[in-house]
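K.L.:
Build me a structure from this.
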Amino acid sequence: MSPIIAPFPAARPRRLRSSAALRNLTREHELSVNDLIWPVFVRDGEGIEEPISSMPGVVRRSVDKVVEAAIEAHAMGIPAICLFPYTDPALKTEDCAEAWNPNNLCNRAIHGIKAAVPDMAVMTDVALDPYNINGHDGFVVDGKILNDETVEALVKMTLAQADAGADIIGPSDMMDGRIGAMRSALEAHGHQNVTILSYSAKYASSYYGPFRDAVGASGALKGDKKTYQMDAGNANEALRMIARDLQEGADMVMVKPGIAYLDICHRVKKDFGVPTFAYQVSGEYAMIQAAALNGWIDGEKVMLESLMAFRRAGCDGVLTYFAPQVARILNG
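P.N.:
Numbering: from 1, shown residues only. Presented below is the predicted three-dimensional model:
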């Protein structure tokens with residue numbers, strides 16, 4: 001149905017913009033602390049907060065510092081934290097066995113967070129790239145990424161994270177059939193309430209560069225990820241990937257990257273009506289930060305405007321490195 005608008009001067013749209021009170025009353029979308037998931041990088045050691053040069057303001061934290069950060073985030077009302085490991089290169093192998101080690105960095109961090117703040121939802125990443133000597137999300141044989149063998153490994157990784165206490169499993173690998181395999185394994189091993197937030201529409205994007213620095217995967221990566229991550233020119237394919245993952249047992253879905261793919265976010269929410277998330281990825285974060293540090297933009301205002309774009313597109317929440325700053329502003 002077309003909107004009914006009276007002719008000027010009976011209709012003066014500026015009336016509703018004339019004061020902060022009226023703008024607040026008629027705003028269609030709001031940004032809340034409840035919309036935030038905070039991605040955090042964890043490394044070995046103790047008492048460490050190591051700056052990441054390509055992501056100004058972001059650090060790699062040792063497990064004890066990750067726990068401290070989770071306590072602070074919980075106090076600010078941030079509902080979830082997502083863990084990404086910076087794995088010791090000596091532990092990266094062809095078979096990626098560190099990925100399902102019950103005492104690996106992520107699993108130790110899960111235990112620590114759940115002990116300190118049980119109500120904080122802990123999300124994990126399920127992909128082999130932080131543990132793979134080849135830097136890929138799956139096993140590499142003769143230059144090809146193996147699908148089915150990788151899925152078997154991802155299931156072991158999923159169960160190790162669930163056993164450690166993870167609330168949300170985040171498969172970011174883009175292998176075919178992995179959601180169904182993970183859901184079946186979780187059900188069979190007594191983890192019926194563990195949620196899957198699938199990276200269902202993950203594009204082979206150039207926006208991921210700083211993230212790969214953060215997890216130490218840049219130098220290890222051989223080739224690219226275009227045989228398993230999506231092509232930037234495809235939109236309908238994203239909807240097929242969403243439908244597939246929902247049919248296999250995903251509870252929530254994600255579009256990655258975010259700002260450059262708001263059209264996909266909108267279509268997913270409109271067509272499926274399921275909990276829809278986007279990842280404001282490292283490159284998007286770094287561009288805003290770099291421009292702000294150079295005085296070219298008002299970093300705080302652009303940060304908030306960029307997050308509102310996700311809400312306007314239909315996203316229920318956003319993974320963003322800005323989460324603590326946003327929470328402080330929203331909390332006044």
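
K.L.:
and G209, that's in a strand?
P.N.:
No: applying DSSP: H, G, I helix; E, B strand; the rest coil, one finds G209 to be helix, outside a strand.

K.L.:
Return the residues in contact with the residue nearest to it when sequence neighbours are not counted.
P.N.:
Nearest non-adjacent residue to G209, counting by CB to CB, 6 or more residues apart in numbering: G283, 5.9 Å away. In this view, the C-beta of every residue, glycine as well, is placed from N, C-alpha and C. Residues near G283 by CB atoms under 8 Å, 6 or more residues apart in numbering: 205-211, 257.

K.L.:
Drop anything exposed from those.
P.N.:
Among the contacts of G283, the ones that count as buried by 16 or more other CB atoms under 10 Å are 205, 207-211, 257.

K.L.:
with these in mind, which one is nearest to G317?
P.N.:
P257 (15.3 Å; CB to CB).

K.L.:
how near is that closest one to V33?
P.N.:
Distance of P257 to V33, given as CB to CB, to the nearest Å: 23 Å.

K.L.:
contact partners of stretch 97-110?
P.N.:
Contact with stretch 97-110 is made by 42-44, 63, 66-67, 83-87, 91-92, 122, 124-125, 128, 130-131, 153, 156-157, 159-161, 163-166, as judged by CB under 8 Å, 6+ apart.

K.L.:
Could you rerun that using 7 Å?
P.N.:
Residues outside stretch 97-110 that contact it (CB atoms under 7 Å, 6 or more residues apart in numbering): 42-44, 63, 66, 83, 85, 87, 91, 122, 124, 128, 131, 153, 156-157, 160-161, 163-166.

K.L.:
Kindly report the same for stretch 66-81.
P.N.:
In contact with stretch 66-81 (CB under 7 Å, 6+ apart) are residues 33-34, 36-38, 40, 42, 61, 109, 112-113, 116-117, 119-123, 168, 323-324, 327-328, 331.

K.L.:
circling back to that earlier point, Serialize the contacts of G283 to TSV and add fields for distance to D173 and pLDDT.
P.N.:
Output for those, formatted as TSV (distance: CB to CB, whole Å; pLDDT from 0 to 100):
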residue	distance to D173	pLDDT
S205	15	95
S206	19	93
Y207	18	93
Y208	14	92
G209	19	84
P210	20	84
F211	15	85
P257	16	97
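
K.L.:
and which of the residues you listed is nearest to P3?
P.N.:
P257 (32.1 Å).

K.L.:
Touching, the closest one and E284? I think so.
P.N.:
Yes: taking CB atoms under 7 Å as the definition, P257 is a contact partner of E284 at 6.3 Å.

K.L.:
what do these two both touch?
P.N.:
By CB under 7 Å, 6+ apart, the residues touching both P257 and E284 are Y207.

K.L.:
Which helix or strand contains F41?
P.N.:
Secondary structure assignment for F41, by DSSP states H and E: strand 36-43.

K.L.:
Check which residues of that strand are buried.
P.N.:
Of all the residues in strand 36-43, those buried under the rule 16+ other CB under 10 Å are 36-43.

K.L.:
between those residues, which is closest to E248?
P.N.:
Distance to E248, by CB to CB, is smallest for I37 among these, at 22.0 Å.

K.L.:
Just the buried residues of the longest helix along the chain, please?
P.N.:
Counting residues, the longest helix found in the chain (DSSP state H) is helix 148-164. For helix 148-164, a neighbour-count test (16+ other CB under 10 Å) marks 150-151, 153-155, 157-164 as buried.

K.L.:
Kindly report the same for stretch 132-151.
P.N.:
So for stretch 132-151, counting by 16+ other CB under 10 Å, buried means 132, 134-140, 145-147, 150-151.

K.L.:
With respect to M230, which of those residues is nearest?
P.N.:
For these, the nearest to M230 is D137 (13.0 Å; CB to CB).

K.L.:
How about the contacts made by the closest one?
P.N.:
Shown in contact with D137 (CB under 7 Å, 6+ apart): 127-129, 173-174, 225, 228.

K.L.:
likewise N34?
P.N.:
By CB under 7 Å, 6+ apart, the contact list for N34 reads P79.

K.L.:
how about 10 Å then?
P.N.:
Going by CB atoms under 10 Å, 6 or more residues apart in numbering, N34 touches 77-80, 316-317, 330.

K.L.:
do G180 as well
P.N.:
So G180 contacts 151, 244-245, 247-250 (CB under 10 Å, 6+ apart).

K.L.:
Of the residues you listed, grab the buried ones for PyMOL.
P.N.:
Buried members of those, defined by 16+ other CB under 10 Å, are picked up in PyMOL with:
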select buried, resi 151+244+245+248+249+250
